[in-house]
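1. okay, sequence plus prediction incoming.
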Amino acid sequence: MSVTPAAREGNNAASAALFRRACEVIPGGVNSPVRAFRAVGGEPFFVDRAAGSRIWDVDGNEYIDYVLSWGPMILGHAHPAVIQAITEAAGRGTSYGAPTEAEVQLAEAVREFFPSMERIRLVNSGTEATMSAVRLARGFTGREMMLKFEGHYHGHGDSFLVKAGSGVATLGLPNSPGVPADLSKLTLTAPFNDLEAVETAFRAHPGKIACVILEPVVGNAGFLPPDEGFLHGLRRITEEHGTLLIFDEVMTGFRVAPGGAQELFGIRPDLTTLGKVIGGGLPVGAYGGRADVMDHVAPVGPVYQAGTLSGNPLAMAAGLAQLKILREENPYPELQRKTKRLVEGLLANGAEMGVPMCGGSYGSMWGVFLAAGPVRTFEDAKGSDVDTFRRFFHAALQRGVFFAPSAFEAGFLSTAHTDQDVEETISRARDALRFALA
Ligand code: HOZ
């Protein structure tokens, strides 16, 4: 694999030393595979601190951050109101294992943004949310199969590790050992944006499919928007077959629009999963939806799901503080304007240098591919120029811009990113692209 030398060349000794230590005690030196930079080569930097639109590594290098903890930091890093809320909550104790008002408040706040989530169960991660939603769909319908889309990533639950996106795609692991074959057989897949393939799956398995789950705007295979009519088509097909439609809005929630993709495209899914933004950077997930379905969850119903740290008071405080600001300040038009400008600038760089590039954004979620496009499916995404992307990624990092370390991940923008940050990024990215092509 040809990549540029390790990023921050000449000034990465502390990160390199930490990575060597980490590799001795942590598999691959990281606690989540994409962080290891395997898709782009070289070694990850280790973070010292972050504030606003910036993140600093332990060698003192500063980056404009478009990863933003993979989405949660919509107000930027270390927003004072969020930090204050966490600090105050911590002073009252860090976990109780008994209900609190803050859990009710967060569930109510989420429902204001997502009216389809009539009842909500709070969990600790997006993975927990999706696993629980699928179990619920199976319990509610009495059916065992589920349908997902190629390149979509719904966390690392067993049933989802079939043709998954994100790190699974990045590392070229189509499926994961350790997932029982009998379970994988229950996961059907279809290409994204292909309603005919979905119809075919339903014809082949009549009365057997409990749910269709998808990222309505994909972030884990790069940024892939749905074709016009695709989501409405899924809604129609699932209704016809008595199958639950699950929108995994862990990435899109509060990002593509305040009320996620369901608001943007005007669809009411049966169940929704959330994470990231609702925790303000602390570990939180949620699943929710139709009351008659959610009332099958224990203790009301028989579908079991539980968690010692679910509804953790620190996470509730962080999430509430963040959602309060989103509701009161409505930063969405500004976020959208800046994100559009960023993508437009990156694409203009490509055009200037004759590099085939395409991309887009909704709200503050965005992505570009080194491909002429259109990129509509995971197969299309895999056809993009990943080698040039690797060199571009490192060249950008060396110029102080942190893009996602994989061609198959979406980017984000926060309210802390200024117009100047965006223009600076476009200009540094122009230099980085020139270097990557040289
Ligand atoms: N699954 C995340 C990207 N879509 C990566 C999370 C992480 O590595 O922190």
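-> Yes, it's here.

2. quick one: low-confidence parts of the stretch 151-300 of the chain?
-> Applying pLDDT under 70 to the stretch 151-300 of the chain picks out residues 166, 168-174.

3. which residue ranges of it form strands?
-> Ranges of strands in the stretch 151-300 of the chain, per DSSP state E, counting those that start in this stretch, are 187-190, 209-214, 244-248, 271-274, 285-289.

4. give me the residue from the chain nearest the ligand.
-> In the chain, the residue that lies nearest the ligand is Ser32 (3.1 Å; Cβ to the nearest ligand atom). C-beta: built from backbone N, CA, C; applies to glycine.

5. I'd assumed Gly167 was in contact with that residue.
-> Yes: at 7.1 Å, Ser32 counts as touching Gly167 under the criterion of Cβ atoms under 8 Å.

6. CA atoms only: put stretch 368-384 into CSV for me.
-> Coordinates of each C-alpha in stretch 368-384 appear next as CSV, following Å, rounded to 0.1, in the frame of the first residue of the first chain:
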residue,chain,number,x,y,z
VAL,A,368,-17.1,13.2,-1.1
PHE,A,369,-15.9,10.4,-3.2
LEU,A,370,-12.9,10.3,-5.5
ALA,A,371,-15.2,9.1,-8.3
ALA,A,372,-17.0,10.6,-11.2
GLY,A,373,-20.3,9.4,-9.7
PRO,A,374,-23.1,9.1,-9.3
VAL,A,375,-22.3,6.9,-6.3
ARG,A,376,-25.7,5.3,-5.3
THR,A,377,-24.7,2.0,-3.8
PHE,A,378,-21.9,0.4,-1.8
GLU,A,379,-20.5,-1.2,-5.0
ASP,A,380,-20.2,2.2,-6.5
ALA,A,381,-18.5,3.5,-3.4
LYS,A,382,-16.0,0.7,-3.6
GLY,A,383,-15.1,1.7,-7.1
SER,A,384,-13.9,5.1,-5.9
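
7. what about Phe114, neighbour count?
-> Residues lying near Phe114 (other Cβ atoms under 10 Å) number 27.

8. list the residues that contact it.
-> Phe114 makes contact with 249, 253, 259-260, 262-263, 272, 274, 288 under the criterion Cβ atoms under 8 Å, 6 or more residues apart in numbering.

9. distance check, it against Ile278.
-> 10 Å (Cβ to Cβ, to the nearest Å).

10. got a list of what Gln336 touches?
-> Per Cβ under 8 Å, 6+ apart, neighbours of Gln336: 361-364.

11. TSV for those, including secondary structure, pLDDT and distance to Gly373?
-> Shown next, in TSV, are the contacts of Gln336 (DSSP: H, G, I helix; E, B strand; the rest coil; pLDDT from 0 to 100; distance: Cβ to Cβ, whole Å):
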residue	secondary structure	pLDDT	distance to Gly373
Ser361	strand	98	14
Tyr362	strand	98	16
Gly363	coil	98	20
Ser364	coil	98	21
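
12. out of those residues, which comes closest to Ala14?
-> Ser364 (31.4 Å; Cβ to Cβ).

13. pretty sure that closest one contacts Phe412?
-> Yes: contact criterion Cβ under 8 Å: Ser364 and Phe412 qualify, at 5.9 Å.

14. okay, the two: which has more neighbours?
-> Phe412 (30 against 27).

15. tell me, what residue is most central in this structure?
-> Computing the C-alpha centroid of the chain and ranking residues by Cα atoms, centre = their mean puts Met251 first, at 3.5 Å.
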